[in-house]
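[1] Provided below are the primary sequence and the corresponding predicted coordinates.
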Amino acid sequence: MLLVQGWLKLATGEFDKVADQARAMVAATNEEDGCIHYSFSRDVGDPDLIHIAERWRDAEALSAHGKSAHMATFNTAMGGVRREGADLWLYNAEEVRKLI
């Protein structure tokens, strides 16, 4: 399993410009073969800080996601917003166990 985790900091009010595209992206991605979980969430203390959490079955599924039409559409939308920072990491989960 692969995990992608991180954040994206947008300039004030910029996420509102792409919120509809983000919802569509999340919905479409969660239907992809090999997607276990995919979500964006706004930080409770900073609505312009977007947390990203993803779980993928394998590298092939993640690669296919990167080539998907909905990813291209979302990337186009994101090209129109001002970003202040980002930090996104890919992890290989060798051991997984449910805590709750």
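    Alright, I've got the coordinates. Just so we're clear, the structure is a prediction, and the values are computed from it rather than from any experiment. Residues are numbered from 1 along each chain as shown.

[2] buried sites along stretch 72-84?
    For stretch 72-84, the buried set under the neighbour-count rule, 16 or more other C-beta atoms under 10 Å, comprises 74, 77-78. (Each C-beta comes from the backbone N, C-alpha and C, glycine too.)

[3] pick the one among those closest to L99.
    In terms of C-beta to C-beta, no member of the buried residues of stretch 72-84 lies closer to L99 than F74, at 30.8 Å.

[4] not counting sequence-adjacent ones, nearest residue to E32?
    With C-beta to C-beta, 6 or more residues apart in numbering as the measure, H65 is the residue that lies nearest to E32, at 5.8 Å, once sequence neighbours are left out.

[5] and that neighbour, its phi and psi?
    Dihedral pair for H65: phi -60, psi -40, per degrees, to the nearest 10.

[6] pLDDT wise, what is it at?
    H65 is assigned a pLDDT of 97 by the prediction.

[7] what about it, distance to L8?
    17 Å (C-beta to C-beta, to the nearest Å).

[8] so which of the buried residues of stretch 72-84 sit within helices?
    Judged by DSSP state H, helices contain the following of those: 74, 77-78.

[9] how about the strands in this structure?
    Counting by DSSP state E, the chain has these strands, from start to end: 2-10, 35-42, 49-56, 83-92.

[10] contacts for the last one, please.
    Outside of strand 83-92, the residues within contact range by C-beta atoms under 8 Å, 6 or more residues apart in numbering are 1-11, 14, 48, 52.

[11] spit out the contact partners of the spatially most central residue of the chain.
    Nearest to the centroid of the C-alpha atoms of the chain, with distances taken as C-alpha atoms, centre = their mean, sits I52, at 4.5 Å. I52 makes contact with 4-8, 39-40, 88 under the criterion C-beta under 8 Å, 6+ apart.
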